[in-house]
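1. Show me the folded form of this:
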Amino acid sequence: MCHTLNEDEANELKKIIEEKFRNAWVTVDELGPVVGTHLGPKAIGICFKW
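-> Just a heads-up that it's a prediction; the model follows:
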């Protein structure tokens, strides 16, 4: 999971995902300035590997 200046909400979403998917390994990272500039503040993204 990644975010731009939105760590609190990203951590809340992480808890929800971990409760629903017990075997999920979830990390929270902040996006860099290049991608963050295009998304804007408070963006949250979820990436997954099947």
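2. For the rest of this, base every contact and every neighbour count on C-alpha atoms.
-> Fine.
3. so where do the strands sit in the protein?
-> Listed from the start of the chain, the chain has strands (DSSP state E) covering 2-3, 29-30, 44-45.
4. looking at those, which is buried most?
-> For these, average neighbour numbers computed from mean count of other CA atoms under 10 Å are highest in strand 2-3, which has a mean of 21.
5. That one pairs with which strands, parallel or anti?
-> In its sheet, strand 2-3 lies beside strand 29-30 (parallel), strand 44-45 (antiparallel), with partners assigned from DSSP bridges.
6. and of those, who's closest to Lys20?
-> Checking those against Lys20 by CA to CA gives strand 44-45 as the closest, at 17.8 Å.
7. contacts for the closest one?
-> Strand 44-45 is touched from outside by 1-4, 6, 10, with contacts defined as CA atoms under 8 Å, 6 or more residues apart in numbering.
8. Stretch 26-33 too?
-> Residues contacting stretch 26-33 (CA under 8 Å, 6+ apart): 1-5, 7, 10-11, 14, 18.
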